[in-house]
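A.B. asks: Can you look at this prediction? I've put the sequence above it.
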Amino acid sequence: MNFNPKNKTTSIFLLIGSFIVVSLILWNTNSFFKKFKEEERLKMEIWATAQSEFLQSAEDVDLGSLHLKVFQNNTSTPMILINKDSSIRVNNIPKEKAKDSLYILKKLQKFQNENTPIAIDQQGEHLATLYYGNSEVLNKLKFYPIALLLIIFLFGTVIYFLFRTNKASEQNKLWAGMAKETAHQIGTPLSSLLGWNELLKAENINPDIPKEIEKDIDRLQTITDRFSKIGSLPKLNESDIVEETKRAYEYLKKRSSKLIHFTFKSQIDSMSVLLNSSLYNWTIENLVKNGIDAMRGKGSIAIEIVPEGKFVHILIADTGHGIPKSNFSAIFNPGVTTKKRGWGLGLSLVKRIVEEYHDGKIKVLSSGKEGTIMQISLKAKL
């Protein structure tokens, strides 16, 4: 991936800008909360004054008096009034709870923590103490910054995943385009080689030479066919998994070093699966070559076919140095490789061929100092 200083600078500015906007919103919300709380305090002080006037003129109450209107208009702030004779009066608290002394005591402690109680005095005489809590609006406002941060976090997460998905899609299109272009470029010299090989057959030379050249040309055509299928859904045909695996095994055995000991074993004579032969052979080839690399060119490769219910498992075992358990999943990611050379695309392509094209599964069955066993699982066509 190319490093672009301009993109990095833009990202930093966007990050700083987002932080400033969020900080301003939180600061503004906090300021509004404090102002609203001060106004509620002022409202309660007015209520306390009205209460003082009411207590002084309780015997001669004017139904249209200002203090009665103040009482009637305050319908949102919960409060507890304790008179000098220890009698209690509650307001804006559910009636079924108002009679519960334990509930009132807990509310009293809560109100005292939320707001400083207001003493109601008249001409130096203490008449009552007013305890009040935050109104419902104030309580909701208190949680607004948390809700806002949560929304911003969720929005940012969605944007991030959309960006990642879009980026992955672009990379897939790029790899598919490169693969198809490679197949196209190989096609031209292949056609020329076929022509030259036909001329060699007409010459008086050892007939084994054109035959061997023809095998290599066929191999190049197979590789071209594989690359041309990347990026598009390949056609699957009903095939015998035992025969196809054995064919790939025989090809690799003939072309590998004599220092590699090959074995093939199948618990069944045949089993039909939906398969693209070209891509499946490529998968086996990749896994076997990875095993040979892990053994540094000397050791044993064992291929075994094991049926299990509706599935058939193809096991490829090597006697290499093994894979750390923490890397069992990571090795299938593009760009991940334990080799000094290579792009780390082999196992990524294998996973895509098995899981996306053949609706199967591939995993590291086991790995340790004694070697590694890779398992391909495909659905049997019963």
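C.D. replies: Cool, got the structure.

A.B. asks: quick one: contacts of the host helix or strand of Lys106?
C.D. replies: Taking DSSP states H and E as the criterion, Lys106 maps to helix 101-114. Residues from elsewhere that reach helix 101-114 (C-beta atoms under 8 Å, 6 or more residues apart in numbering): 78-80, 88, 90, 93, 97-98, 117, 131-134. C-beta: built from backbone N, CA, C; applies to glycine.

A.B. asks: In the chain, where is pLDDT below threshold?
C.D. replies: Filtered on pLDDT under 70, the chain yields the residue ranges 1-8, 11, 51, 53-75, 166-185, 187-188, 190-191, 226-232, 334-345.

A.B. asks: show me the contacts for Val364.
C.D. replies: Val364 sits next to Ile323, Phe328, Ile331, Thr372, Ile373, Met374, Gln375 when contact means C-beta under 8 Å, 6+ apart.

A.B. asks: hmm, back to that, tell me which residues of the helix holding Lys106 come out buried.
C.D. replies: Within helix 101-114, the residues scored as buried using 16 or more other C-beta atoms under 10 Å are Ile104, Lys107, Leu108, Phe111.

A.B. asks: Looking at those, spot the one nearest Glu39.
C.D. replies: Nearest to Glu39, judged by C-beta to C-beta, of the buried residues of helix 101-114 is Phe111 at 17.6 Å.

A.B. asks: Quick one: the strands in this structure, in order.
C.D. replies: Using DSSP state E, the strands of the chain run over 79-83, 88-91, 118-122, 125-132, 237-240, 260-266, 272-275, 299-308, 311-318, 361-368, 371-379.

A.B. asks: quick one: which of the ones you listed is nearest Asp216?
C.D. replies: The closest of the strands of the chain to Asp216 is strand 260-266. By C-beta to C-beta, the value is 20.7 Å.

A.B. asks: and the closest one, what does it pack onto?
C.D. replies: helix 241-254, strand 299-308 (3 or more C-beta pairs under 8 Å, 6 or more residues apart in numbering; DSSP states H and E).

A.B. asks: Partner strands of that strand and their direction?
C.D. replies: strand 299-308 (parallel) (DSSP bridges).

A.B. asks: Could you tell me the angle between the strand it pairs with and strand 311-318?
C.D. replies: 170 degrees (axes from the mean of the first three to the mean of the last three C-alpha atoms, to 10 degrees).

A.B. asks: Check which residues of strand 299-308 are buried.
C.D. replies: Gly299, Ile301, Ala302, Ile303, Glu304, Ile305.

A.B. asks: just stretch 186-203 next, same as before
C.D. replies: By 16+ other C-beta under 10 Å, the buried positions in stretch 186-203 come out as Ile186, Leu193, Asn197.

A.B. asks: what does that stretch contact?
C.D. replies: Contacts for stretch 186-203 (C-beta under 8 Å, 6+ apart): Pro207, Ile209, Pro210, Ile213, Glu214, Ile217, Leu220, Gln221, Ile223, Thr224, Phe227.

A.B. asks: Which ChimeraX command selects the buried ones in these?
C.D. replies: This is the ChimeraX syntax for the buried subset of these, where burial follows 16+ other C-beta under 10 Å:
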select :210,213,214,217,220,221,223,224,227
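
A.B. asks: I'd like the contacts of stretch 186-203 laid out as JSON lines, including distance to Lys235.
C.D. replies: Formatted as JSON lines, the contacts of stretch 186-203 follow (distance: C-beta to C-beta, whole Å):
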{"residue": "Pro207", "distance to Lys235": "35"}
{"residue": "Ile209", "distance to Lys235": "35"}
{"residue": "Pro210", "distance to Lys235": "31"}
{"residue": "Ile213", "distance to Lys235": "29"}
{"residue": "Glu214", "distance to Lys235": "25"}
{"residue": "Ile217", "distance to Lys235": "23"}
{"residue": "Leu220", "distance to Lys235": "21"}
{"residue": "Gln221", "distance to Lys235": "17"}
{"residue": "Ile223", "distance to Lys235": "18"}
{"residue": "Thr224", "distance to Lys235": "16"}
{"residue": "Phe227", "distance to Lys235": "16"}
